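K.L.:
build me a model:
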Amino acid sequence: MIRVLDEARSVEFYRQAFGLDIAERLDFETFTLVYLSNAESEFELELTINKGREEAYALGDGYGHLALSVGDLESEHARLTGAGLNPGKIVDFNRDGALLARFFFITDPDGYKIEVLQRHGRYK
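P.N.:
Model (predicted):
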């Protein structure tokens, strides 16, 4: 779960960036919960929108990042770049001379960092 300020902006970002669509939306008096998912996996992201909040959330030092895996990292990077979403550079992360992971980071509208990993090894 992450807290976001603008429901429409966040839903559009996650749809455009990762193909996540609204699976369920629950509206309450003081907040709204939006569950995002797609048919590719059982992954689900919960967005919490607190009504009446106008100032950005302080992400704090407890949040690391969210990570998603993709089948073709270069194609996803090119697609996100073309969509104007400004992904970071692709990084090859090696351990003991072998590729451990290939990834890049992208930032959502609320400042949350998202790692996009090439499916490889333990990153399925």
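
K.L.:
name the helices or strands packed onto the longest helix along the chain?
P.N.:
Criterion DSSP state H: the longest helix present in the chain is helix 7-18. When contacts are defined as 3 or more CB pairs under 8 Å, 6 or more residues apart in numbering; DSSP states H and E, helix 7-18 packs onto strand 31-37, strand 44-50. The C-beta positions use only the backbone N, C-alpha and C, and glycine is treated the same way.

K.L.:
tabulate these (TSV), appending mean neighbour count.
P.N.:
Shown next, in TSV, are those (neighbours: other CB atoms under 10 Å):
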stretch	mean neighbour count
strand 31-37	17
strand 44-50	16
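
K.L.:
in JSON lines, list these along with mean pLDDT and distance to Ala83.
P.N.:
Below are the helices and strands packed on helix 7-18 laid out as JSON lines (pLDDT from 0 to 100; distance: least, CB to CB, whole Å):
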{"stretch": "strand 31-37", "mean pLDDT": "95", "distance to Ala83": "17"}
{"stretch": "strand 44-50", "mean pLDDT": "94", "distance to Ala83": "19"}
